[in-house]
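**Student:** Prediction below, plus the sequence it came from.
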Amino acid sequence: MAVASAPAGARSILERPPAARLPDRILRYGLLGLSSLILVLIVFFFVRLISEAHPAFSHFGLFGFTFGQNWNVEASQFHALPLVEGTIVTSAVALIIGVPVAVAAALFIVELCPRRLSQPLAILVDLLAAVPSVVYGLWGFFFLVPKLHGIETDVARALKWIPFIGGSSITTTGPNLFITGLVLAIMILPIVCAISREVISRVPTDHKEAALGLGATRWEMIRLAVLPYSRVGIVSGAMLGLGRAIGETIAAVFLLGDASRIPQHLFGQGYSLAAVIANEFGEAQGLHRSALFAAGLVLFVFTLLVNGAARGIVARSSRTSRVPAGGAGGGGASAAAAVGA
Amino acid sequence: MSAAAPAAGGINARYGVSARRRRTDVAMRGVLLAGTAIALVPLLLIIYYLLHKGLSSMTSGGFFTSDPTGASAGFFGGAQKIGGIKSALLGTVEIVLIASAIAVPIGIGVALWLVEYGRNSVYANIIRFFVDVLTGVPSIVFGLFIYIVLIVGTGSTYAGWKGSVTLSLLMLPIVIRSAEVVLSLVPGALRESALALGAPRWRVIFKVVLPTAASGMVTGVLLAVARAAGETAPLLFTAGVTNVTTLNPTHYQNSLPLQIYNDFIAGTTQNFNRAWGAALTLVLLILIVNLSARFISSRSRLG
């Protein structure tokens, strides 16, 4: 090899002259610079948000702001618990309704339906992600609110022994927490369904055939082979959907009302962290504005925790179980990208 | 399912599957089918309602050619003239185009670095983590951030380009993640053969890697565009609302989502009708982008 025997210090005939290597360096460090820009951006983002929210946190205390019970603009009292609870209740409704439906649809599309139908069905469910949130808000307000009012009253009457859900004196005619949760459920459905489809389709055929070969029915195969294998991926998909539901703003503005007190009733009005920012930021000044930034920060931390938990679940299970590391996490990521989540 | 059920039932019966297990099987299949049907109900309802409410607004004269002021020709003529959605439609297109012009080069650049140079280094994984953090940020929080930096920070007012910057923050993680997936699918053998033929790294990237991955990356970009076009919250405090059509991104710029939002707040029947027309327009716009993304990805060489 001529290269190897070249005297030390002398340039090999295969090596490029320094000038020809310049574009390579420019590209390499240029791209590195772009990537570092992302880091700088996020650090700057955090610093600015915290510095804007600082007056509210120092005035009410970090704990007092987040868990105090009074959000009153006139009295300059800003405690976010009513908003936090509104966010939690609506997201919980979204999860309870949205996830089972999404997983059932994913199981049906991947395991049960005729092969020719599965692609069109998957595309149809994905199309739910193409409807913008402002349109969901509009539709929910003009369609769901009037259509569901009777049913809500009946349910509340029938379940009147359950606190928070039941009650015979429900007079709300307008927007409420439940309808917001229902619309959020529809909005997270395509995300959870896409990720579930992805992980369910990664269940090894061997496992499924083994179950069928032992005499399992289709459902037993799903229960014994498919669900245990894909459970982790489905949970992380649900968490991603939850992150989306927590941050949803405009649908909540349209459908939640703006009752800035602790939610009294599932079919009553409420408020959420995201909705309060959209509603009040336009005319907010001084401490009020700082409180809205603080609400934004609390919201951000919430979504961060939820997304972190989703990744944590995937990471832990890939260490301890058979699910391949890239399987649940990587598949979830690409499926989430596919619906633009 | 219906074709497979009798055969499976027959086999199960022959090998002594108990009636209880068979009933459970049939019942659970029914539950899963019902779940799928329930998932599709909202889609049908929304499409029906949008067409039912929006089509008449959309097809009335001047809906696309007059501004929401009602000053020029058209929509709901006579004394009740309230105007169409010209400024909102053009505003949305321009804001999203500028947002893409910011997000796409940066996003693809970062994805290239991650795949070609960073690979599995610690620093690359830190950047991946931060991109994931970016994915989780609620869109309204991006709006707050840009408001503080570009509006309070510069002492100026709302402007179309500030809305574009906000949307580009939203698009960035989607572009990076999808481009990273596609770029990492480019076969290593392609890169190696180009390098073995003596091509420098940058030529390999521009002449081999990027062209191979192009159609897949276009899909990711289009999905990001479809997502950004429907966002309302980040534009509330950045691009502002205006009735007048302007193509100058340093002025207030209207957009379809904000037009819908404002018409909803305004609360008259005419406003609602315009909102439905605007909503139908917006959904059609997003649908076109979304479906072309799927079409391109189905023809992509990298699957």
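**Tutor:** The structure has been received and is ready for your questions.
**Student:** all helices for the stretch 151-300 of chain B, in order.
**Tutor:** With DSSP state H, counting those that start in this stretch as the definition, the stretch 151-300 of chain B shows helices at residue ranges B:160-185, B:188-196, B:201-203, B:210-229, B:233-236, B:256-266, B:269-298.
**Student:** Same list, those, but as CSV with mean neighbour count, mean pLDDT and distance to A:Val298 please.
**Tutor:** To be clear about C-beta, it is placed using only N, CA and C from the backbone, and glycine gets the same treatment. As requested, the helices of the stretch 151-300 of chain B are exported to CSV (neighbours: other C-beta atoms under 10 Å in any protein chain shown; pLDDT from 0 to 100; distance: least, C-beta to C-beta, whole Å):
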stretch, mean neighbour count, mean pLDDT, distance to A:Val298
helix B:160-185, 25, 93, 20
helix B:188-196, 12, 93, 45
helix B:201-203, 18, 91, 45
helix B:210-229, 22, 91, 24
helix B:233-236, 30, 90, 16
helix B:256-266, 23, 90, 24
helix B:269-298, 20, 90, 30
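**Student:** closest one to A:Phe293 among the ones you listed?
**Tutor:** helix B:233-236 (14.7 Å; C-beta to C-beta).
**Student:** Centre of the chain to that closest one, how far?
**Tutor:** Helix B:233-236 sits 15 Å away from the centroid of its parent chain (C-alpha atoms, centre = their mean, to the nearest Å).
**Student:** before we move on, back to that, need the helices of the stretch 151-300 of chain B in a markdown table with distance to chain A, can you?
**Tutor:** What follows is the helices of the stretch 151-300 of chain B, written out as a markdown table (distance: least, C-beta to the nearest C-beta, whole Å):
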| stretch | distance to chain A |
| --- | --- |
| helix B:160-185 | 4 |
| helix B:188-196 | 12 |
| helix B:201-203 | 5 |
| helix B:210-229 | 4 |
| helix B:233-236 | 4 |
| helix B:256-266 | 5 |
| helix B:269-298 | 5 |
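**Student:** for the ones you listed, which one sits closest to B:Ala27?
**Tutor:** Set against B:Ala27 and scored by C-beta to C-beta, these come closest in helix B:269-298, at 34.6 Å.
**Student:** Give me the distance from the closest one to the chain's centre.
**Tutor:** The answer for helix B:269-298 is 11 Å, by C-alpha atoms, centre = their mean.
**Student:** Counting by contacts, list what that helix packs against.
**Tutor:** Under the contact criterion of 3 or more C-beta pairs under 8 Å, 6 or more residues apart in numbering or on different chains; DSSP states H and E, helix B:269-298 touches helix A:115-127, helix A:133-139, helix B:19-59, helix B:86-112, helix B:210-229, helix B:256-266.
**Student:** most tightly surrounded among those helices?
**Tutor:** Of all the helices and strands packed on helix B:269-298, helix A:133-139 carries the top mean neighbour count, a mean of 27, counting by mean count of other C-beta atoms under 10 Å in any protein chain shown.
**Student:** now check it, is it near chain B?
**Tutor:** Yes - for helix A:133-139, a contact with chain B is found by C-beta under 8 Å from any C-beta of the partner chain, at A:Ser133, A:Val134, A:Val135, A:Tyr136, A:Gly137, A:Leu138, A:Trp139.
**Student:** is it true that the second one touches B:Ala278?
**Tutor:** Put plainly, it is A:Val134. No - if you go by C-beta atoms under 8 Å, A:Val134 and B:Ala278 don't touch, sitting 9.2 Å apart.
**Student:** Can you work out which residues contact both of those two?
**Tutor:** Residues touching both A:Val134 and B:Ala278 by C-beta atoms under 8 Å, 6 or more residues apart in numbering or on different chains: B:Ile260.
**Student:** How about A:Gly237: what's its closest non-neighbour residue?
**Tutor:** In space, and not counting its chain neighbours, A:Gly237 is closest to A:Ile195: 3.1 Å by C-beta to C-beta, 6 or more residues apart in numbering or on different chains.
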